[in-house]
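In: Okay, predicted coordinates and the sequence, questions at the end:
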Amino acid sequence: MAKTEISPGSVEYIYKGYVRLSERCVSYVQSSFDDIKLFGASGLVFVWKPIVDTRFFDGTNKSFFLFCGFLTILLVVIILGIFSLLKQSLVIYYLKHLRAYEAEIRADLGQINKVAFEWTESYSRWRKNVVIRIFFHLLLVVGLTTILFPIVILLQESSPRYAGVYGFISLLLGGIYLNAARGLLAE
C-alpha cells in the first residue's frame, strides 16, 4: 500500500486542533491546581469555635451555631471537591481525544518513536504516579480537619446529639464524594 502524500496544510490543520485541545486541557489542569488553595477553607473549622465564643453569641445556643458553622464549612469543602473532580473528568476526556491527534501527527511526520507528541501518555503516567498520591494526602488532611475536629469540639461542648448528626452527615457526604472520586480515579 502506497503512502499518501500529506500536504503541509493538513498537518497544520491537525496540529492547530491538537494545540486548541491541549490548551483547553492545560487550563482545566491549572484550574484544578488553583482550587487546591480553596481547600484552605477547611481551616475555617479551627477559627469557628473562637468566633462562636465571642460576646456576639452570648446567651445563645452556642452548640447550634457551632454545628451550623461546621456544617456550612463541610458543605463548601465538599462542593469545591466535586467541582475539582468535574474538572479532572474533563481533563481525562480531553486526554483521550488528544491521543488520536498525537498519533496522527506522529504518523504524518513519519515518526516511529513516541518521543515527540506524547504529552497525553506522559501526563497520564504522571497523574497516576504523582497526582493521585497528592490527592489522597490532601483528602486525608481535609477529611480529618472537616470531620474529626468538629466532632471533637461538639463533644467538648456537651453536644453529643449535634456531634452524632454532624458525624452522620459528614460520613454520608464524604462517602458520596469518595464514590465519585473512585470512578474518576479508575480512569
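Out: Great, that's in hand.

In: check contacts around residue 21.
Out: 94, 97-98, 101 (C-beta atoms under 8 Å, 6 or more residues apart in numbering). Where C-beta positions appear, they are placed from N, C-alpha and C, glycine not excepted.

In: In the protein, what helix or strand scores lowest on average pLDDT?
Out: Using mean pLDDT, DSSP states H and E, helix 44-52 stands out as the lowest-scoring helix or strand of the chain, at a mean of 75.

In: What count of nearby residues applies to residue 74?
Out: 23 (other C-beta atoms under 10 Å).

In: cool, residue 61 as well?
Out: Residue 61: 12 neighbours (other C-beta under 10 Å).

In: so where's the protein shaky on pLDDT?
Out: Residue ranges of the chain with pLDDT under 70: 1-9, 41-42, 55, 57-60, 111-116, 185-187.

In: Now do the helices in it.
Out: 8-38, 44-52, 62-108, 119-126, 132-143, 149-156, 160-185 (DSSP state H).

In: between the contacts of residue 21, which is closest to residue 140?
Out: The closest of those to residue 140 turns out to be residue 94 (C-beta to C-beta; 28.3 Å).
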